[in-house]
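Visitor: coordinates for the following, if possible.
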Amino acid sequence: EFKELDLASLKSIRHFVQSFKERDLPLNILVNNAGVMLVPEGRTEDGFEQHFGVNYLGHFLLTSLLLDTLKNCGKPGSFSRIVNISSSAHRIGEIRLDDLNSCQHYSAHASYCQSKLALLLFSYQLQRELQHGGFLVSSFAVDPGMVDTALYRHLWTPLHLAQRAIARLLFRTPAEGAVTVLYAALSPELEGEYSGGYCANGHREMTAPLTFDPHLQLSLWEASHQLLGLH
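Guide: Residues are numbered from 1 along each chain as shown. Below you'll find the predicted structure:
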């Protein structure tokens, strides 16, 4: 069964969550997998830069609104899990707290990298908040690797043609790309005290030093709440 959800629309996200909660269904795993890459400069219907709005803020709001349900479904030995799809591109990303919407200067590549770094900072700050509150929910970030999907459709045409040829040889299939996502969502190895963190290539990996900056994590967390009108 599928339900309509547009991560570029805060109204759509809120409507989806309301519709889901009205059914009183359990929620044990939330995988935040929607994303855009290298799109031309543009804004969501709420005025956010598209990479920041879809890849990051949309998932931030969706997770925040579903968090109480995830908390209620977590049990000892069977934590609920949140999996945010990040990327190795976070390593060259930069968080511009004074220009999160790339109003001063737009670069599709920089905006994409910022959104994936933001997802990691969100995952780490959320894990801290959950542990501090004693909630039975774990927060993960995952790099699925380079996967042969339509995500690359906005590449410059000659590069896109080359990518389509190379992808068949070097990129992962969608099924292969899902392996690490499923590892973070389901593996007993990551249960309880071993929960949280960043996974790539089927195991835990370290992220860029910037992702461990507690001031940056908290500043982005607070800015995101303010932009979304959350309290």
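
Visitor: so where's this structure shaky on pLDDT?
Guide: Applying pLDDT under 70 to the chain flags residues 145-172.

Visitor: so which residue is dead centre in it?
Guide: Central residue of the chain (Cα atoms, centre = their mean): N84, 3.5 Å from the mean position.

Visitor: buried residues in the longest helix seen in the chain?
Guide: Ranked by residue count and defined by DSSP state H, the top helix of the chain is helix 108-133. Using 16 or more other Cβ atoms under 10 Å as the test for burial, helix 108-133 gives 108, 110-128, 130. (Each C-beta comes from the backbone N, C-alpha and C, glycine too.)

Visitor: A helix includes the residue nearest to the centre of the chain, no?
Guide: No - counting by DSSP: H, G, I helix; E, B strand; the rest coil, N84 is not part of a helix but strand.

Visitor: for it, what are its contacts?
Guide: For N84, the contact set (Cβ atoms under 8 Å, 6 or more residues apart in numbering) comprises N32, H59, T63, L119, L120, F122, S123, S139, F140, A141, V142.

Visitor: packing partners for the longest helix of the chain?
Guide: Helix 108-133 is packed against helix 58-73, strand 80-85, strand 137-143, strand 197-200, helix 214-228, with contacts defined by 3 or more Cβ pairs under 8 Å, 6 or more residues apart in numbering; DSSP states H and E.

Visitor: one more time with 10 Å
Guide: Where contact means 3 or more Cβ pairs under 10 Å, 6 or more residues apart in numbering; DSSP states H and E, helix 108-133 is packed against strand 29-32, helix 50, helix 58-73, strand 80-85, strand 137-143, strand 197-200, helix 214-228.

Visitor: what's the most buried one of the ones you listed?
Guide: Most buried of those, by mean neighbour count (mean count of other Cβ atoms under 10 Å): strand 137-143, with a mean of 26.

Visitor: with only the CA atoms kept, save it in CSV.
Guide: Only the C-alpha atoms of strand 137-143 are listed here, as CSV (Å, rounded to 0.1, in the frame of the first residue of the first chain):
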residue,chain,number,x,y,z
VAL,A,137,14.7,4.5,19.5
SER,A,138,17.9,4.5,17.5
SER,A,139,19.1,7.1,14.9
PHE,A,140,21.4,6.0,12.1
ALA,A,141,22.8,7.6,8.9
VAL,A,142,23.7,5.5,5.9
ASP,A,143,25.8,5.9,2.8
